[in-house]
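> Sequence unavailable; structure follows:
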């Protein structure tokens, strides 16, 4: 090239070499260059072009350069001279709270990063210059601004000791504040948005939810419930009609990890699974990792739900208090500053039905008096104290306590018809149950430099339950039991984020946890003539789990994001001393708007099993307890693969499609899922006896998820989702130690309880300035069930008299050979906002099951008169009109 404009020379080089060149046009306009170079090194060709122009080219990553001022170059494009980190914080402009998972991108370089839990981001080793930065976060207005990437000043020789150099290096970091926008919809938004670089903390299969999204979610029975709202998404479903756990992509309910401010929650449910402990109004953000989660998480096979409590309001904001009343509970929430550096969030909730109807009710009949007790309540208390000690150091202390209490006493007179059962009689039973979660979590965040961030989390989480039962089936016979379980988990975790280069964001960490499993059971069985027996048992187990991980978010090219990771774990209970769990995910933006492809997979390990005594009539709740793996039981292992595509072909329209496959081994399943409780005194605490009711199994799950979301700028929102999925269990062959009375275990694969071949979910919502309304519908296949195919009779060969009469049994040779009727439900909501008495009010009317269709949610087969087989259906609730009001002052 001889005496040609530099702009033309750069364009010609870009066309010939396909090298991405980034520059400000004002830098190159008016420059003319002459160069003659033959070779295949882009760096040397650029050095030739820029010689004598006062410009130089800085290599950002493979086949990408930035042209900046800085004098002549000699081809040393990878030197650290002139390099800097672009770092800062992303916060809420109204509250000052950090925004984890916000997306920070440099459109010119097609680079991006995501903020960590403290709202911090860093992109290192960038050429020093001013960059246009775009910051986006769901529920907030996108921010376009400019930020200068400059080297931090080096400390002088007489700098004071301590963290003074670090302070000077980080005090000047910008704080990018995003303003909330009104979220006029109920959908769970998938981050990151199409067309933006993938996040460092998000991922291809992550549902990230901000506080704005959480507050806009629809209520369930008048309660803002995170898990209930997530179950409106494809791939997430309840294990029962109302109660029960959460199944993600065909996984078991005990294969999900629930985290609250870094601490595990082992039973996140109230009202026997009707509601969860995660109230949307108390949460700052939440992430749901479906099926494939990054190396920083482990210990479960199916999913991870990671939620953070609100930090409270910043000092420049006014304190805010919110009161709410629903058909199930009354609640409050306070967010207020305590000083310039401290803020507090305090929230509480309690059910009140027991206060309205009372706990004790007298019953009388036949000259006798007795007491009917029907007391039940649940409550939550959440608190978080946040301290901004300095720009480098932040600390938070979180506390949660949730408890359920049931006090039930039912006197029965079985000689009367059903309507007269509840009256004084010799037969009655009493039951007292309570279960609670209690956790304390402390978290310290340290910004060591503009490239290195360290988070330290310590926690203590306890789950305990107690069940007292007293049953008197006859005047001279009774059984009394006292069953208690407790799981105490204390852990420490270190997470380090390091911005190695523009293309590499590293995260590594260590975790150690000590778990204590305590169980106690006392049973007192009294028979006629004063004959009785008392049995006391106690079980204590200890286990230590350690884990280390490393993962890299790598952007090798503008359209590619690859995340390799490796997690290594050890467990003191038994099995292999070291388990390696590799993870890998990748995404490719084929088109900035129309198509993004993603895929991922990995290996996962779970060291805890959840078992229950399936024989005892006396205890049920606490009989289901967590037990660690031992030398007799292997940990459960799973291999998972996922792939998908997404895009938004039209403004406001987003499309998503995903496929997944999972195979898990070492999963414990009941030998006989149809086993009826038939013993007053069960098998007790002995782990070997409980394990005898279970068998190892291999589970398989695969499916297709489709979702369309219409999210225009107006007040209307709509969504439509479809899931086609299968989930099957393949139990191990029977062993020689099977008890004779156990049902023969099936050796053929059968559908899992959560096997739903088809499910359609749809919703529409209108949100205006004062009025809001919404419809939500779900239609799905019925649950899998086992249908008897024949009857058979058995009689003892040596029996005589009445004992010769044969006993009829139902023959169930194949599990899961039937299916309940299809399930269909429509919910509706209408609400209005208004101001009254100096406060903001929001009143809503919810119609649960607006069509009042009584869906069949369970079916049992029994032998009736003349040994005829009859089916008893358990149906869901009819239409339930529910009123909710919330006041903010």
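Arrived safely, thanks for sending. What you see is a predicted model; the values in this text were computed from it and never measured.
> quick one: the nearest residue to residue 673 once chain neighbours are set aside from residue 782, how far?
Excluding the flanking residues, the one nearest residue 673 by Cβ to Cβ, 6 or more residues apart in numbering is residue 815, at 6.6 Å. In short, each C-beta sits where N, CA and C put it, glycine included. With the distance defined as Cβ to Cβ, to the nearest Å, residue 815 ends up 16 Å from residue 782.
> what about stretch 589-603, average pLDDT?
On average, the pLDDT along stretch 589-603 is 93.
> Tell me the gap between it and the middle of its chain.
Offset of stretch 589-603 from its chain centre (Cα atoms, centre = their mean, to the nearest Å): 22 Å.
> What strand or helix carries the residue lying closest to residue 706 once chain neighbours are set aside?
Spatial nearest neighbour of residue 706, chain neighbours left out: residue 722 (4.6 Å); criterion: Cβ to Cβ, 6+ apart. Here residue 722 sits within strand 716-731, counting by DSSP states H and E.
> coming back round to it: which one of residue 815 and residue 782 has more residues nearby?
residue 815 (23 against 17; other Cβ atoms under 10 Å).
> mind checking the SS state of that one?
Classification of residue 815 using DSSP: H, G, I helix; E, B strand; the rest coil returns coil.
> per the record, what domains does this protein have?
Domain assignment for the chain by automatic domain parsing gives 4-69, 782-889.
> out of those, which comes closest to residue 674?
Closest approach to residue 674 among the domains of the chain (Cβ to Cβ): domain 782-889, 5.8 Å.
> Which residue is the nearest non-sequential neighbour of residue 480?
Per Cβ to Cβ, 6+ apart, closest to residue 480 is residue 524, 4.4 Å.
> what sits against the one you found?
Neighbouring residues of residue 524 by Cβ atoms under 8 Å, 6 or more residues apart in numbering: 479, 480, 481, 532, 533, 534.
> before we move on, the earlier item: quick one: list the elements packing against the strand holding residue 722.
Contact here means 3 or more Cβ pairs under 8 Å, 6 or more residues apart in numbering; DSSP states H and E; on that basis strand 716-731 packs against strand 653-670, strand 694-710, strand 750-751, strand 758-767.
> In the stretch 651-800 of the chain, where is pLDDT below threshold?
Along the stretch 651-800 of the chain, segments meeting pLDDT under 70 span 675-684, 734-747, 796-800.
> Correction: the previous question concerned the stretch 51-200 of the chain.
Scanning the stretch 51-200 of the chain residue by residue, the ranges that satisfy pLDDT under 70 are 70-82, 151-172, 182-200.
> cutoff 90 now
51-132, 136-200 (pLDDT under 90).
> likewise the stretch 401-550 of the chain?
Judged by pLDDT under 90, the stretches of the stretch 401-550 of the chain that qualify are 406-433, 448-451, 467-484, 499-503, 519-541.
> rerun at 80
The model of the stretch 401-550 of the chain has pLDDT under 80 over residues 409-429, 471-478, 525-533.
> Just the strands from it, written as ranges.
Along the stretch 401-550 of the chain, counting by DSSP state E, counting those that start in this stretch, strands occupy 427-447, 452-474, 477-501, 504-526, 532-554.
> Direction included, what does the longest one pair against?
Yep, that's strand 477-501 we're talking about. Strand 477-501 has the following strand partners under DSSP bridges: strand 452-474 (antiparallel), strand 504-526 (antiparallel).
> Let's have the strands of the stretch 401-550 of the chain in CSV, adding distance to residue 793.
Converted to CSV, the strands of the stretch 401-550 of the chain look like this (distance: least, Cβ to Cβ, whole Å):
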stretch, distance to residue 793
strand 427-447, 30
strand 452-474, 27
strand 477-501, 30
strand 504-526, 32
strand 532-554, 34
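> Can you tell me which of the ones you listed is nearest to residue 65?
Closest to residue 65 of the strands of the stretch 401-550 of the chain is strand 477-501 (Cβ to Cβ; 14.2 Å).
> mind checking how far that closest one is from the chain centre?
Centroid separation for strand 477-501 versus its chain: 16 Å, with Cα atoms, centre = their mean.
> Then stretch 447-457?
Distance, centroid of stretch 447-457 to centroid of chain: 25 Å (Cα atoms, centre = their mean).
> Give me the neighbour count for residue 603.
For residue 603, using other Cβ under 10 Å, the count is 16.
> what does the one 4 residues further on give?
Residue 607 is flanked by 24 other residues according to other Cβ under 10 Å.
> Please name the residues that touch it.
Residues in contact with residue 607 (Cβ under 8 Å, 6+ apart) are 299, 543, 545, 569, 571, 573, 575, 628, 629, 635.
> of the residues you listed, the lowest pLDDT goes to which?
Out of the contacts of residue 607, that is residue 575, at 60.
> before we move on, what SS does residue 775 have?
Applying three-state DSSP: residue 775 is strand.
> I figured it was touching residue 830, is that so?
No. Look at residue 775 against residue 830 with Cβ atoms under 8 Å: they stay out of range, at 10.0 Å.
> Look up how far residue 208 lies from the spatially most central residue of the chain.
Nearest residue to the geometric centre of the chain (Cα atoms, centre = their mean): residue 305, 1.6 Å. Separation of residue 305 from residue 208 (Cβ to Cβ): 12 Å.
> would residue 14 count as being in a helix?
Yes. Residue state for residue 14 (three-state DSSP) corresponds to a helix.
> For it, give me the pLDDT.
On pLDDT, residue 14 comes in at 77.
> ok, back up a step: tell me the one of the contacts of residue 607 nearest residue 21?
Nearest to residue 21 among the contacts of residue 607: residue 569, at 45.4 Å, using Cβ to Cβ.
> Now for that closest one, how many residues are close by?
Neighbour tally, residue 569, other Cβ under 10 Å: 20.
> What residues does the closest residue to it other than its chain neighbours make contact with?
In space, and not counting its chain neighbours, residue 569 is closest to residue 547: 4.2 Å by Cβ to Cβ, 6+ apart. Taking Cβ under 8 Å, 6+ apart, we find residue 547 in contact with 298, 299, 510, 511, 512, 567, 568, 569, 570.
> The same query, at a cut-off of 10 Å, please.
Shown in contact with residue 547 (Cβ atoms under 10 Å, 6 or more residues apart in numbering): 295-299, 493, 509-513, 567-571, 579, 581, 605.
> Can I get the buried part of the residues you listed as one ChimeraX selection?
This is the ChimeraX syntax for the buried subset of the contacts of residue 547, where burial follows 16 or more other Cβ atoms under 10 Å:
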select :295,296,297,298,299,493,509,511,513,567,568,569,570,571,579,581,605
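> ok, now how distant is residue 848 from residue 230?
For residue 848, the distance to residue 230 - Cβ to Cβ - is 18 Å.
> Residue 533 now?
Taking Cβ to Cβ, one finds residue 533 at 48 Å from residue 230.
> These two: which is more packed in?
Between residue 533 and residue 230, counted using other Cβ under 10 Å, the more crowded position is residue 230 (24 against 10).
> Was I right to think the more buried one contacts residue 213?
No. If you go by Cβ atoms under 10 Å, residue 230 and residue 213 don't touch, sitting 11.3 Å apart.
> and the nearest residue to residue 17 once chain neighbours are set aside, what is it in contact with?
Nearest residue to residue 17 in three dimensions, chain neighbours excluded: residue 42, at 5.5 Å (Cβ to Cβ, 6+ apart). Contacts for residue 42 (Cβ under 10 Å, 6+ apart) come out as 13, 16-19, 21, 57, 59, 62-65, 77.
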